[in-house]
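# next one to model:
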Amino acid sequence: MSDIISLLEHQDSLLRYARSLTGSNDAADLVQETYINAIQYQRNGKEISSPLAFLMTTLRNVFFDSVQKNKKYSVNEYVDEIIDESPTVQQQVISEKEFVYLCELISELPPKMRQSFVLKKVYGFTYREIGKQLGTSPKTVRCQVATAFKRLRHAK
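Numbers count the residues shown, from 1 in each chain. Here you go, the predicted model:
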């Protein structure tokens, strides 16, 4: 059975996911509510076999429940907001070209630097998480990401 400590190990991932859903306004509240639900689930004698998957699903459900309860957005307002912010065709073409160019520049970075940069800036991992995954120190990862930024800026 998964214990509370194993649930808390995923706090950073939950916060990143909550920020992506809320724009960081209510991220901490969503994470707290998610933990409350998970602990109540365990106290009811139910087992959590995959803590991260369970927490992410619970967080998403808590988010949708809060949207429904608070009526922050009606479905129509949400759709209107997305449509209003949708780029024009011209903007999309320019953005796609810039994106392809950026991807080409990133692919030219040295492998460890590229991996560090992508894991940090695309996937939102912490320097510590990246260091563990790549077998290097968080300080080295931070330097690699900073160097990658410099190279990408000067390439334009």
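
# from here on, just use CA atoms for contacts and neighbour counts.
Fine.

# any idea which residue of this structure is furthest from its center?
When distances are taken from the C-alpha mean of the chain, G45 lies farthest, 30.5 Å away, according to CA atoms, centre = their mean.

# helix/strand/coil for it?
coil (DSSP: H, G, I helix; E, B strand; the rest coil).

# just the one 10 residues further on next, same as before
Using three-state DSSP, the three-state assignment for L55 comes out as helix.

# so who does it touch?
L7, L14, T34, Y35, A38 (CA atoms under 8 Å, 6 or more residues apart in numbering).

# which one among the residues you listed gets closest to I106?
Using CA to CA, L14 comes nearest to I106 of those, at 27.3 Å.

# and the closest one, what's its pLDDT?
With respect to pLDDT, L14 scores 87.

# what about it, how many residues nearby?
The number of residues packed near L14 is 24, by other CA atoms under 10 Å.

# tell me which helix or strand it sits in.
Following DSSP states H and E, one finds L14 within helix 11-22.

# other SSEs contacting that helix?
Packing contacts for helix 11-22, counted by 3 or more CA pairs under 8 Å, 6 or more residues apart in numbering; DSSP states H and E, involve helix 27-43, helix 51-70.

# relative to R153, which of those is closest?
helix 27-43 (31.1 Å).
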